[in-house]
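K.L.:
Okay, sequence plus prediction incoming.
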Amino acid sequence: MSTNAPNPVPGDEESTSNFPFVGWLRDVAPYIHSFREKTFVIAFAGELVKEIGLENLIEDIAMLHAMGMRIVLVHGIRPQIEEQLKLRKIKSKFGTSALNTYRITDAAALECVKEAAGELRLDIEAAFSRGLPNTPMAGSRISVISGNFITAMPVGVVDGVDYVHTGLVRKVDSTSITLSLDSNKIVLLSPLGFSPTGQAFNLAYEDVAASTAAALKADKLIFLSPYSGLRDADRELITELSLPQLQDYMTEHKDIESGLKGLLHISGKAVRSGVSRVHFLPCNQDGALLEELFTHDGIGMMLASSDIENLREANQDDVGGILQLTMPLEEEGILAARGQDVIERDIQRFSVIEHDRVLFGCAALFPFPNGVGELACLAVDADVQGSGDGERLLKRIEMRAKQENIKKLFVLTTRTEHWFLKRGFKRATVDDLPEERKQIYNWDRKSMVLTKDL
């Protein structure tokens, strides 16, 4: 692994265990640096307010803002609309399309929408205005700006159903929003839009968030909703997928509930429009936003653009690129020496990352008996270190290992022990290696042995 990890310092482990905050801050510092000046559109469902409340979320967003992130916040109001309708003894009416269920917003329901949106918006602005001592927002002066940034159009009549004042986003005033972000404001958007004639329309907050993210070419679009993501055949949460993978999944699984299907559809449109990443987080888990952004594994599902598509298995045409990556590291003693003949022989064991047909990273998996595998030759080009390519390669190798029924990975390293320790590996000894690998262990290199259960 071509990271410049420092050698262990005597007493370092003890100090980290006594002061876990120090270790945590060191772990998140690269993320803070990477996210600074990036534009995040964060959208949360109205259910979040009902289940865990606003206070902690607003404090988390204020912290992101203080770290230099440009924040557009979009809120939903569906439960709040239901409350207003019940107070007025008005029955909810809905119509269903191929992708979603839309509220039929007549004149009476529109008044409830306005009431719900206005009340929640005021609550959010009030929460951002808190600067009480002994709170995470002590001494903060955060300016929040709202306005008529969204131009809307009516859904109209669909399959004989008139949706009246239910609308869709026609246009986002990205210029005004960008000026506000440049002035260090948090932009707050409600799920309401206005036509050029001055009519108000009830919008889906997902539509507002995705359209805004697309207009701004946001770095991240984050949904905190009742839908945390998709599940694989083992009912495990799928942590990341690309657009083609999403399309294949939706083709194979026709039983996705309409709300989640609509969210995935609109998120796919956002990615195709230039949004780098879309994250899907549970709205009922306090701290989900921070855990997703500042931990290695995150907590939800991520939909990415074509970068993930460039993570693939190697072929014979990649031998030269792998040699260019590994030879400088072999010369420094970071990687064990492998000649061209060896790489050609083992090429089917390699995974690579390429950008514009240029290799920027590689890693290999070698199986051993009894469900054990070796992670070897993990290398990332120096120009893209810190971009996450090393972590993506590690995940790819772990995925391949699981497919081959490998239950435990081991890695030998001389310089990057801490990088692996942060990603779930544990210290081991040469005696823990498979017998076949132990026999060819290079005692001159004295590589450290690390293992990870899958």
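P.N.:
Alright, I've got the coordinates.
K.L.:
May I see the buried residues of the longest helix seen in the chain?
P.N.:
Ranked by residue count under DSSP state H, the longest helix found in the chain is helix 107-128. Using 16 or more other C-beta atoms under 10 Å as the test for burial, helix 107-128 gives 109-117, 120-121, 123-125, 127-128. Glycine gets a C-beta too; all of them are placed from N, C-alpha and C.
K.L.:
That one - contacts with which helices or strands?
P.N.:
helix 46-51, helix 55-66, strand 70-75, helix 78-87, strand 144-145, strand 186-189, strand 192-194, strand 200-202 (3 or more C-beta pairs under 8 Å, 6 or more residues apart in numbering; DSSP states H and E).
K.L.:
Could you grab the helix/strand/coil label for residue 241?
P.N.:
strand (DSSP: H, G, I helix; E, B strand; the rest coil).
K.L.:
Tell me what it is bridged to.
P.N.:
Using DSSP bridges, the beta-bridge partners of residue 241 come out as residue 303.
K.L.:
OK, contacts around it?
P.N.:
Listed by C-beta atoms under 8 Å, 6 or more residues apart in numbering, the contact set of residue 241 reads 230, 249, 301, 302, 303, 304, 308.
K.L.:
For this protein, which residues score under the pLDDT cut-off?
P.N.:
Residue ranges of the chain with pLDDT under 70: 1-19, 97-99, 131-139, 296-297, 306-309, 355-357, 383-384, 387.
K.L.:
Could you chop it up by domain?
P.N.:
36-306, 312-453 (automatic domain parsing).
K.L.:
and those domains as CSV, adding distance to residue 20?
P.N.:
CSV is the format used below for the domains of the chain (distance: least, C-beta to C-beta, whole Å):
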stretch, distance to residue 20
domain 36-306, 14
domain 312-453, 13
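K.L.:
Could you report the neighbour count for the residue nearest to residue 269 when sequence neighbours are not counted?
P.N.:
Nearest non-adjacent residue to residue 269, counting by C-beta to C-beta, 6 or more residues apart in numbering: residue 210, 6.5 Å away. When neighbours are counted by other C-beta atoms under 10 Å, residue 210 registers 29.
K.L.:
Run through the residues that contact residue 239.
P.N.:
297, 298, 300, 301, 302.
K.L.:
from the residues you listed, which is closest to residue 79?
P.N.:
Checking these against residue 79 with C-beta to C-beta, the nearest one is residue 300 at 21.2 Å.
K.L.:
so what's the closest one up against?
P.N.:
228, 229, 237, 239, 279, 280, 281, 282, 288, 292.
K.L.:
I'd like the distance between the residue lying closest to the first one once chain neighbours are set aside and residue 227.
P.N.:
Okay, so that is residue 228. Nearest non-adjacent residue to residue 228, counting by C-beta to C-beta, 6+ apart: residue 282, 4.2 Å away. Separation of residue 282 from residue 227 (C-beta to C-beta, to the nearest Å): 8 Å.
K.L.:
from what I can see residue 40 touches residue 64, true?
P.N.:
Yes. Between residue 40 and residue 64 there is a contact under C-beta atoms under 8 Å: 7.0 Å.
K.L.:
Now list whatever residues contact both of the two.
P.N.:
Shared contacts of residue 40 and residue 64, counting by C-beta under 8 Å, 6+ apart, come down to residue 71.
K.L.:
May I ask which helix or strand encompasses residue 443?
P.N.:
Using DSSP states H and E, residue 443 maps to neither a helix nor a strand.
K.L.:
Can you dump the C-alpha atoms of stretch 295-315 in PDB for me?
P.N.:
The C-alpha trace of stretch 295-315 is given here as PDB (Å, rounded to 0.1, in the frame of the first residue of the first chain):
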ATOM      1  CA  THR A 295     -16.600   7.000   9.200                       C
ATOM      2  CA  HIS A 296     -15.000   4.500   6.900                       C
ATOM      3  CA  ASP A 297     -18.000   2.200   6.500                       C
ATOM      4  CA  GLY A 298     -20.700   4.800   6.900                       C
ATOM      5  CA  ILE A 299     -24.300   3.800   7.800                       C
ATOM      6  CA  GLY A 300     -26.400   4.000   4.600                       C
ATOM      7  CA  MET A 301     -26.300   3.300   0.900                       C
ATOM      8  CA  MET A 302     -24.500   5.400  -1.700                       C
ATOM      9  CA  LEU A 303     -25.300   5.800  -5.400                       C
ATOM     10  CA  ALA A 304     -22.300   7.000  -7.300                       C
ATOM     11  CA  SER A 305     -21.500   8.100 -10.800                       C
ATOM     12  CA  SER A 306     -19.300   6.200 -13.200                       C
ATOM     13  CA  ASP A 307     -16.200   6.100 -10.900                       C
ATOM     14  CA  ILE A 308     -17.400   2.800  -9.500                       C
ATOM     15  CA  GLU A 309     -17.700   1.400 -12.900                       C
ATOM     16  CA  ASN A 310     -14.000   1.800 -13.300                       C
ATOM     17  CA  LEU A 311     -13.300  -0.600 -10.500                       C
ATOM     18  CA  ARG A 312     -13.000  -4.000 -12.300                       C
ATOM     19  CA  GLU A 313     -11.000  -7.200 -12.500                       C
ATOM     20  CA  ALA A 314      -7.700  -7.100 -14.300                       C
ATOM     21  CA  ASN A 315      -6.800  -8.600 -17.600                       C
END
